Each structure stands twice: as C-alpha cells, then as structure tokens.
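Student: Task: produce atomic coordinates for the following.
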Amino acid sequence: MKKLGIVGGTGPESTIDYYQSIIAKYQEKRGTKEELPELLINSINMYRIFELLENDRTEELVDYLAEAVNSLERAGAEFAVIAANTPHIVFEEIQQKVKIPMISIIEETVSKAHEAGLEKIGLLGTKFTMENDFFKIPFTEKQKDVFVPTDSEQAYIHEKIVEELENGIVNPDTKKEYLAIVSRMIDRHGIEGIILGCTEFPMIFKPEDLSIPQLNTTEIHVDKIVETIFDE
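Tutor: All right, here's what the predicted structure looks like:
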C-alpha cells in the first residue's frame with residue numbers, strides 16, 4: 001500500500017469530501033469496513049492561493065504549493081495530490097520542484113472525457129480555471145473542444161464559489177442559476193458534457209440535475225487516488 005499525501009484546505013469543504021470519499025472507495029475495494037487507508041493531510045490557506053493568483057505572483061504560488069507537498073513527503077507520503085482544480089494552473093512547475101509523484105486532476109479528467117467519447121465539453125470553475133488555458137489545452141491536444149460561460153456568467157459563478165460554496169453554503173437560487181448557465185451553454189455550443197471544474201461543485205450539482213454527463217473532477221481524482229494506493 002502506498003501512503004497518500006493530500007494538499008488540502010483549498011477549500012476546506014472539498015478536503016472533507018476527498019477524505020470521506022477516499023475512505024469509502026478504499027473500504028469498498030478492500031471489501032471491509034474494518035480497514036482504513038493511511039494518509040496525510042496538509043491543510044493550507046486557500047485565500048493565499050487566490051491572492052497570489054490575483055496579483056500574478058506565480059513563482060510564490062509554486063513555492064508555496066511545492067513546500068506543502070515537500071512537507072507531506074517529509075512526513076512519509078509516497079505520492080501526493082492537490083485537492084482542488086485551480087492550483088493545477090502551476091501543476092507542472094510544482095512537480096518539477098518535488099520528489100514524489102503527483103496525480104493531476106486535469107489529466108485524469110481528460111482521460112475520463114475520452115473514455116466517455118465526449119468531443120464538445122463545457123467547463124465551469126473559479127474565474128482562474130475558466131479564464132486561463134491550463135485546463136483547456138490538454139483537451140484541445142486530444143482534438144476536443146472546450147467551452148466556457150460568458151464573462152458575466154463567469155463572474156457570477158466565481159462569486160458564488162467564494163462567498164457560498166467555499167463556506168459550505170448551498171443556496172437553491174445559486175443552484176438554479178448554475179443549471180440555467182449550463183442549459184444556455186448547451187444551446188450556444190451544443191456541449192455534450194460538462195466539467196465540474198471546482199471540487200466544491202458536487203455540493204450543488206447532482207447527477208440527475210442535467211441531461212448531459214457531468215465530469216465530477218473530485219470523483220475522478222479520488223478514483224485514481226485509490227487505485228494508486230493499491231499499486232505495488
């Protein structure tokens with residue numbers, strides 16, 4: 001069994017979801033409720049990440065996240081993940097600064113979209129995820145088209161992530177508007193699936209809510225994490 005290190009707190013709600021989901025899937029794979037995976041969580045400051053991104057202090061962001069991973073390695077982690085989508089904006093730079101392997105939430109989501117045969121895909125996330133290309137490029141390299149909401153829709157989505165979802169608040173009006181945004185993206189672009197590119201989105205999006213497949217990045221990431229724990 002490999003010992004996992006999680007960079008969490010990115011935000012806190014999704015870190016809890018990761019922890020609970022990893023345990024559930026691990027126990028399912030083991031076939032017993034009397035086993036638990038050994039893992040480490042380094043809970044860092046999500047708001048510092050946002051501040052560094054807002055001010056284009058990319059090198060500081062890389063150093064901050066790399067040190068979080070290195071702390072996990074010193075504590076005994078054999079591989080690591082960042083329990084959020086937005087910090088993956090500097091994933092490659094972080095991997096170059098750490099010794100233990102890391103699992104990319106984006107790489108695993110691309111694989112899942114390919115497996116599902118999706119070619120035109122919508123992307124929701126923080127403004128950093130939607131505005132930048134770090135999530136889109138791996139899809140376009142696989143000849144898949146990625147579409148994001150309009151600027152005003154992006155602003156609304158980001159605001160509600162920061163003010164509500166990151167604080168564990170699920171507002172029915174926010175959910176209604178989120179679903180309306182996806183519906184408009186289906187009409188505008190003919191998207192065949194939607195990437196839930198914020199690990200808090202499972203709080204608000206449920207599988208039965210939409211007529212198109214949802215790529216739940218948290219679930220996709222956790223599946224690969226549990227698989228890796230069992231790798232020899």
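Student: Please make it C-alpha for all contacts and neighbour counts, starting now.
Tutor: OK.
Student: State the number of residues packed around residue 16.
Tutor: 14 (other CA atoms under 10 Å).
Student: Then residue 39?
Tutor: Neighbour tally, residue 39, other CA under 10 Å: 20.
Student: Residue 2 contacts residue 231, doesn't it?
Tutor: Yes - at 7.0 Å, residue 2 and residue 231 qualify as touching, with contact defined as CA atoms under 8 Å.
Student: The two: which is more packed in?
Tutor: With neighbours defined as other CA under 10 Å, residue 2 and residue 231 compare such that residue 2 has more, 19 against 9.
Student: The more buried one - that's part of a helix, no?
Tutor: No - under the criterion used here (DSSP: H, G, I helix; E, B strand; the rest coil), residue 2 is coil, not part of a helix.
Student: residues touching it, list them.
Tutor: Residues near residue 2 by CA atoms under 8 Å, 6 or more residues apart in numbering: 77-79, 228-232.
Student: ditto for residue 225
Tutor: 4, 22, 103.
Student: before we move on, what about residue 147?
Tutor: 120-123, 185, 189, 191.
Student: Next, give me the two most distant ones among these.
Tutor: Based on CA to CA, the longest span within the contacts of residue 147 runs between 123 and 189 and measures 11.8 Å.
Student: Compare those two (neighbour count), which wins?
Tutor: residue 123 (23 against 15).
Student: In this structure that one contacts residue 196, no?
Tutor: Yes - with contact defined as CA under 8 Å, residue 123 reaches residue 196; the gap is 6.7 Å.
Student: Quickly list the domain ranges of this protein.
Tutor: Using automatic domain parsing, the domains assigned to the chain come out as 4-104+220-230, 106-216.
Student: Can you add mean pLDDT and give those back as a markdown table?
Tutor: Formatted as a markdown table, the domains of the chain follow (pLDDT from 0 to 100):
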| stretch | mean pLDDT |
| --- | --- |
| domain 4-104+220-230 | 96 |
| domain 106-216 | 96 |
